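> Give the three-dimensional model of this entry:
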Amino acid sequence: MDIDDFAGKTPEFILEDFFSGTLWGWGVTLGRMGGLQNRFTIKAEGRWEPSANTLSLKEVYTFDDGHQDFLTWTIIKRGEAEYEGRETLIDGKATGEQSGNAFRWQYTREMPAADGSKTKFGFDDWFFLHDSDHMTAHASLTKLGVEFATVNAFYER
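I've put the predicted structure just below:
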C-alpha cells in the first residue's frame, strides 16, 4: 500500500481531530503464522494544542493476560499532511503521513511483556477512518526486517 492510494477518499482523516478527547479501542495480535497471540483493550485520551501544532496522546493497552502498556505520545504536525512523534520507548522519532481517509505511522519501539522483559519491534501502522467516531487500525510488527505479527484494532470516540 502507498499513502497516495487514499488521496480523495472520504471522510478525510485528520489525526488531531480524531484523537482529541476520549477514545476506546479493542484489538487482537496475530502471530506470523496466524495464531492468536493476545486480545487487548485501549483507552486513549488526546489533547490538541493548535498554537503549538501538537497533539498530546496518552494510551493504555490492557492485555488479556493482565499486563498493560502505557504510551505517552507528543505528536507535532510538521506540514499539511506530515507528522512527527516522540514517545519514551521509541528509537528516535515516529514519522507519519496522511492522505484521504488514511494515516500511516512508522517507528521502532520496545514492547513490554507480562514478565517485564522488552522486545524491540518495527511498526508500520495504518489507520482508516470510517466516520467521525470510528476507525480501524492495522499494524505490521517486524523484527530484523521480518514480519513477526500483525495487530488489528478498532477505535471508537
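> Quick one: the strands in this protein, in order.
Remark: strands of the chain, listed N- to C-terminal, are 21-31, 36-49, 54-63, 68-77, 82-86, 94-99, 102-112, 118-131, 134-143, 146-156; assignment by DSSP state E.
> In the fifth one, which residues are buried?
When burial is assessed from 16 or more other CB atoms under 10 Å, strand 82-86 yields the following buried residues: 83, 85. Where you see a C-beta, it was placed from the backbone N, CA and C, and this is true even at glycine.
> Skipping its backbone neighbours, what lies nearest Thr88 in space?
Closest residue in space to Thr88, ignoring its immediate chain neighbours: Thr72 at 6.5 Å, by CB to CB, 6 or more residues apart in numbering.
> ugh, wrong one, Glu147
Taking CB to CB, 6+ apart, and ignoring the residues beside it in sequence, Glu147 has Ser140 as its nearest neighbour in space, at 5.5 Å.
> Tell me if I'm right that the one you found and Thr150 touch.
Yes - Ser140 is in contact with Thr150 according to CB atoms under 8 Å; the separation is 5.7 Å.
> which ones are touching the residue nearest to Glu147?
Contacts for Ser140 were tallied using CB atoms under 8 Å, 6 or more residues apart in numbering; they are 123-124, 147, 150.
> got it, and Gln68?
For Gln68, the contacting residues are 60-62, by CB under 8 Å, 6+ apart.
> quick one on the thing from earlier: show me what the residue nearest to Glu147 bridges to in the sheet.
Under the criterion DSSP bridges, Ser140 forms beta bridges with Asp124, Thr150.
> Excluding chain neighbours, give the residue nearest to Gly31 in space.
If you skip the residues right next to it in sequence, Gly31 has Gln37 as its closest partner in space, 5.1 Å away by CB to CB, 6+ apart.
> Quick check, central residue of this protein?
For the chain, Asp125 is the residue whose C-alpha lies nearest the centre (CA atoms, centre = their mean; 5.7 Å).
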